[in-house]
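Enquirer: no sequence for this one, just the structure:
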């Protein structure tokens, strides 16, 4: 099976994963928006057996939201989001933006759309530019 590489912005943390993701969750809940600083979090789910750290595993920090099943792993050097395991250590949750190539995804799901901010609605109607205008 083909693999795809990924990592953080500064290159300290790197990984390789089978490019056959079960799901992509695009979540607009209050916590995911706050933890990413964006309109939503976009996380890919894959079996842990298909995932390997290539470097920088010792440079990963993790924040667990108290009392919730929400966490964030990030590079201690640049702060970029990096993969983490689910609670029972059967899946890796991979931030979609951390991959170096397009992900092959079986199912895409948007969740907590009721919490999506108004400024993130109807984005297809916002003027688009190929580069910074």
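Expert: Everything's here; your move. Treat the numbers as computed from the prediction; the structure is a model and nothing was measured.
Enquirer: For this protein, list the residue farthest from the centre, please.
Expert: If you look at how far each residue of the chain sits from its centre, by CA atoms, centre = their mean, the farthest one is residue 133, at 27.0 Å.
Enquirer: pLDDT score assigned to that residue?
Expert: Looking at residue 133, its pLDDT reads 87.
Enquirer: Ok, residue 127 next?
Expert: On the pLDDT scale, residue 127 gets 87.
Enquirer: can you check the one 3 residues further on too?
Expert: Residue-level confidence at residue 130 comes out at 92, pLDDT.
Enquirer: From residue 58, how far out is the closest residue to residue 92 other than its chain neighbours?
Expert: Nearest residue to residue 92 in three dimensions, chain neighbours excluded: residue 51, at 4.3 Å (CB to CB, 6 or more residues apart in numbering). Using the backbone N, CA and C atoms, a C-beta is placed for each residue, glycine as well. Separation of residue 51 from residue 58 (CB to CB, to the nearest Å): 17 Å.
Enquirer: Between these two, which has more neighbouring residues?
Expert: More crowded of residue 51 and residue 58, by other CB atoms under 10 Å: residue 51, with 18 against 9.
Enquirer: Go ahead and confirm the more buried one touches residue 90.
Expert: No: counting by CB atoms under 8 Å, residue 51 sits too far from residue 90 to count as a contact (11.2 Å).
Enquirer: which residues sit against the lowest-mean-pLDDT helix or strand in the chain?
Expert: Lowest on mean pLDDT, DSSP states H and E among the helices and strands of the chain sits helix 30-36, with a mean of 89. Applying CB atoms under 8 Å, 6 or more residues apart in numbering, the contact partners of helix 30-36 are 39, 40, 41, 63, 65, 68, 70, 72, 81, 112, 115, 117.
Enquirer: again, only this time at 7 Å
Expert: Residues outside helix 30-36 that contact it (CB atoms under 7 Å, 6 or more residues apart in numbering): 39, 40, 41, 65, 68, 70, 72, 115.
Enquirer: mind listing what the second one touches?
Expert: Taking CB under 7 Å, 6+ apart as the contact definition, residue 40 lies against 26, 27, 28, 32, 33.
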